[in-house]
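Engineer: what follows is a protein structure lacking sequence information:
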């Protein structure tokens, strides 16, 4: 079957069509505790195989619409008040570029919600890496669940909260918690702290000309980080060798972080002797460029980079890392949701995560775990 959504034609598997028809029938005519007809009867009703019906019922059980009781049958669940928390990741995970941070946070949010006694379900979007975020989520099933009143809250990961999407959520009267300072409730990484500590680290190691690479989406022209970087350099008496915005995974535009670094390195006079990288994926691209030209870290340039705990992307490279824990980030999101679902106002409304310095050449520089999270 092919369905038209906006200007796009979307092919829908047969079991999803059956699940949609069953869902509509249950919501319109059934009460909590009612038993559904046998699988064979449903197969005859919809003109499909028993296997297709079984897949449809499994999908409805995962959504929380029905409960499957072994040896007894399928029963309608009480969906009043919202049956589950939606974990929405708008990124298309079928693409080659999959940021470790967002994948890890999504899994860790689900785990923590389960520990807190809240059912959850993942919803994946179709926005490809580098595309302008859409005004509304691209997962149609999420929108159906929201309209039907089956969601108790939404955890938005790598998700744009546009005015249109914000108004839709407010109309549904459920909490939305995500990653960003523009949200009412959420968790953020203290980027300014990473920048200032990174500059201080390089200054303490004798660097005099420092460059910075930061994450800049293609639809943005500049970032406030450039001004903050200039201020941090001035405070330490360092020369600015350039603040360059690049987008992780942007290998085709000619503006990848690796290519931009090599352009910066090409003139011998004015080369940076210190490098601060605000995104671990950007650092990977720069590291490959360094290796291709025989540039050695510590011998030719000092480097400190943002990192995500557990990503293991650095190998044996001698770089200092300002490491963020995705699990701590996810726990913050989940605990905010648990508080909001109970009808309480969380204090604080925003959880700010600070990085931990990891430097194999300077073990005493490590911060204690208690310094990782602060509250705003």
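Structural biologist: Now that the structure is in, tell me what you want to look at. For clarity, every value in this text was computed on a predicted model and none was experimentally measured.
Engineer: in this structure, where is pLDDT below threshold?
Structural biologist: 1-11, 63-64, 78-82, 181-182, 218-222, 249-255, 360-376 (pLDDT under 70).
Engineer: for it, which segments count as helices?
Structural biologist: For the chain, the helices defined by DSSP state H cover 14-29, 39-46, 50-63, 100-115, 140-148, 163-172, 191-204, 225-235, 257-265, 280-292, 326-341.
Engineer: tell me who's in contact with residue 298.
Structural biologist: Residues near residue 298 by CB atoms under 8 Å, 6 or more residues apart in numbering: residue 318. Placement of C-beta: from N, CA and C, glycine included.
Engineer: tell me, how many residues neighbour residue 94?
Structural biologist: Residues near residue 94, counting by other CB atoms under 10 Å, number 9.
Engineer: dihedrals phi and psi, it?
Structural biologist: With angles defined as degrees, to the nearest 10, residue 94 sits at phi -80, psi -10.
Engineer: do you know how far it is from residue 313?
Structural biologist: 21 Å (CB to CB, to the nearest Å).
Engineer: give the bridge partners for the nearest residue to residue 101 once chain neighbours are set aside, please.
Structural biologist: Spatial nearest neighbour of residue 101, excluding adjacent residues (CB to CB, 6 or more residues apart in numbering): residue 308 at 4.9 Å. When bridges are called by DSSP bridges, residue 308 pairs up with residue 324.
Engineer: what about residue 308, how many residues nearby?
Structural biologist: Residue 308 has 24 nearby residues by other CB under 10 Å.
Engineer: state the phi and psi torsions of residue 37.
Structural biologist: Residue torsions, per degrees, to the nearest 10, at residue 37 are phi -60, psi 160.
Engineer: show me what contacts it?
Structural biologist: Contacts of residue 37 (CB under 8 Å, 6+ apart): residue 45.
Engineer: any idea how far the residue nearest to residue 101 lies from residue 284?
Structural biologist: Residue 308 is 12 Å from residue 284, by CB to CB.
Engineer: picking up where we left off before, make sure the residue nearest to residue 101 is actually in contact with residue 321.
Structural biologist: No: using CB atoms under 8 Å as the test, residue 308 is too far from residue 321 to be in contact (9.3 Å).
Engineer: which of the residues in stretch 337-357 are buried?
Structural biologist: Within stretch 337-357, the residues that count as buried by 16 or more other CB atoms under 10 Å are 337-341, 346, 350-357.
Engineer: now stretch 294-311
Structural biologist: Quick answer for stretch 294-311 (16+ other CB under 10 Å): 295, 297, 301-309, 311.
Engineer: got the contact list for residue 88?
Structural biologist: By CB under 8 Å, 6+ apart, the contact list for residue 88 reads 123, 125, 137, 139, 142, 154-157, 159.
Engineer: quick check: bridge partners of it?
Structural biologist: Going by DSSP bridges, residue 88 is paired in beta bridges with residue 123, residue 156.
Engineer: residues contacting the closest residue to residue 59 other than its chain neighbours?
Structural biologist: Once flanking residues are discounted, residue 59 sits nearest to residue 19: 4.5 Å by CB to CB, 6+ apart. Each residue near residue 19 by CB under 8 Å, 6+ apart is listed here: 55-57, 59-60.
Engineer: of all the helices of the chain, which one comes closest to residue 273?
Structural biologist: Minimum separation from residue 273 across these (CB to CB) falls at helix 191-204, 8.4 Å.
Engineer: which outside residues touch the closest one?
Structural biologist: Contact partners of helix 191-204, identified using CB under 8 Å, 6+ apart, comprise 210, 212, 225, 228-229, 232-233, 235-238, 274-276, 278, 302, 304, 306, 320, 322, 354-355, 357, 359, 365.
Engineer: how about 6 Å then?
Structural biologist: 210, 228, 232, 236, 238, 274, 276, 302, 304, 306, 322, 354-355 (CB atoms under 6 Å, 6 or more residues apart in numbering).
Engineer: give me every residue that touches the residue nearest to residue 101.
Structural biologist: Residue 308 touches 100-101, 280, 324, 326, counting by CB under 6 Å, 6+ apart.
Engineer: from residue 15, how far off is the closest residue to residue 258 other than its chain neighbours?
Structural biologist: Among residues not flanking residue 258 along the chain, residue 289 sits closest, at 3.4 Å (CB to CB, 6+ apart). Applying CB to CB, the value for residue 289 to residue 15 is 47 Å.
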